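Peer 1: Quick one: sequence and predicted model below, then my questions.
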Amino acid sequence: DAGVIQSPRHEVTEMGQEVTLRCKPISGHDYLFWYRQTMMRGLELLIYFNNNVPIDDSGMPEDRFSAKMPNASFSTLKIQPSEPRDSAVYFCASSPRAYEQYFGPGTRLTVT
Amino acid sequence: AQSVTQLGSHVSVSEGALVLLRCNYSSSVPPYLFWYVQYPNQGLQLLLKYTTGATLVKGINGFEAEFKKSETSFHLTKPSAHMSDAAEYFCAVTRGSGGSNYKLTFGKGTLLTVNP
């Protein structure tokens, strides 16, 4: 299995621009999670999906963040407009059971 | 609510020495416990997990951890460190059976360095 695939691996953008991060979960996994990792706050759960349906988005920082999962093999996390404080590594994880999560390699986002 | 405390943000050992990374948790319900490893510029990889049953769990790369309910601990050990073990290690907890066990609470991580 290829594991969780994320793209791009690195993204550098200017403040105010729209950023879209992409994730392909492991085939057959019913759960998908988006996390953000920073030095200050560690790993934070942003949102998770079960069978393509958003279940808990309480970790999404504000309305500038949105996530979708149009089908079982694809999800996006969008930031519009981006701000420098959004700079972080964003991880996608998928799971066959909610608690056993398999992480992708992450997208390192830098907003200047 | 759950919480995780990893004692020591940085642990340094010599190659061949015992590795001991400490994790204490707080949970109002029986927990599920995990150790993840993160190599530089990579995602987190599941090392091992405890859900139910045997309290000593073995994981990949020769690591093991023991769930001690009385001490609320889940320390990670490896008898002999290898240079390739250098990475950051995260302990995580979630509630056990009974629903809502998707929300992993992570510790702040312990950076392990291995000296030749």
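Peer 2: Yes, it's here.
Peer 1: where does chain A dip in pLDDT?
Peer 2: Within chain A, the stretches with pLDDT under 70 are A:1, A:98.
Peer 1: show me where it has strands.
Peer 2: A:5-7, A:10-13, A:19-24, A:31-38, A:42-50, A:53-56, A:65-71, A:74-79, A:88-95, A:102-103, A:107-111 (DSSP state E).
Peer 1: With chain B as the reference, name the closest of those.
Peer 2: Among those, strand A:102-103 comes nearest to chain B, with 3.6 Å by CB to the nearest CB. (C-beta placed from N, C-alpha, C; glycine too.)
Peer 1: where does chain B dip in pLDDT?
Peer 2: For chain B (pLDDT under 70), the answer is B:96-101.
Peer 1: Dead centre of it: give me the residue that sits there.
Peer 2: Chain B has residue B:35 as the residue nearest its centroid, 3.2 Å off, counting by CA atoms, centre = their mean.
Peer 1: List the contacts of that residue.
Peer 2: When contacts are counted by CB atoms under 8 Å, 6 or more residues apart in numbering or on different chains, residue B:35 touches B:21, B:23, B:46-49, B:59, B:63, B:65, B:74, B:76, B:89-92.
Peer 1: 6 Å - rerun?
Peer 2: The contact partners of residue B:35, taken as CB atoms under 6 Å, 6 or more residues apart in numbering or on different chains, are B:47-48, B:65, B:76, B:91.
Peer 1: Need the residues you listed in JSON lines (columns: secondary structure).
Peer 2: Output for those, formatted as JSON lines (DSSP: H, G, I helix; E, B strand; the rest coil):
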{"residue": "B:47", "secondary structure": "strand"}
{"residue": "B:48", "secondary structure": "strand"}
{"residue": "B:65", "secondary structure": "strand"}
{"residue": "B:76", "secondary structure": "strand"}
{"residue": "B:91", "secondary structure": "strand"}
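Peer 1: Can you pull the residues of chain B lying near chain A?
Peer 2: Proximity of chain B to chain A, by CB under 6 Å from any CB of the partner chain, involves residues B:32, B:42-44, B:94, B:101-102, B:106, B:108.
Peer 1: Might you report the residue contacts of the closest residue to residue A:6 other than its chain neighbours?
Peer 2: Spatial nearest neighbour of residue A:6, excluding adjacent residues (CB to CB, 6 or more residues apart in numbering or on different chains): residue A:104 at 4.0 Å. Listed by CB under 6 Å, 6+ apart, the contact partners of residue A:104 are A:4, A:6, A:92, B:43.
Peer 1: Residue 24 - how many residues pack around it?
Peer 2: Defaulting to chain A. 19 (other CB atoms under 10 Å in any protein chain shown).
Peer 1: I was thinking of chain B, sorry if that wasn't clear
Peer 2: Neighbours of residue B:24 (other CB under 10 Å): 18.
Peer 1: what does residue B:55 give?
Peer 2: Residues near residue B:55, counting by other CB under 10 Å, number 12.
Peer 1: quick one: contacts for the nearest residue in space to it that is not next to it in sequence?
Peer 2: Take residue B:55 and drop its neighbours on the chain: the residue closest to it by CB to CB, 6+ apart is residue B:67, 4.4 Å away. By CB under 6 Å, 6+ apart, the contact list for residue B:67 reads B:50, B:55, B:74.
Peer 1: For the first one, give me its contacts.
Peer 2: Looking back up the chat, that one is residue B:50. Taking CB under 6 Å, 6+ apart as the test, what residue B:50 contacts is B:33, B:57, B:67.
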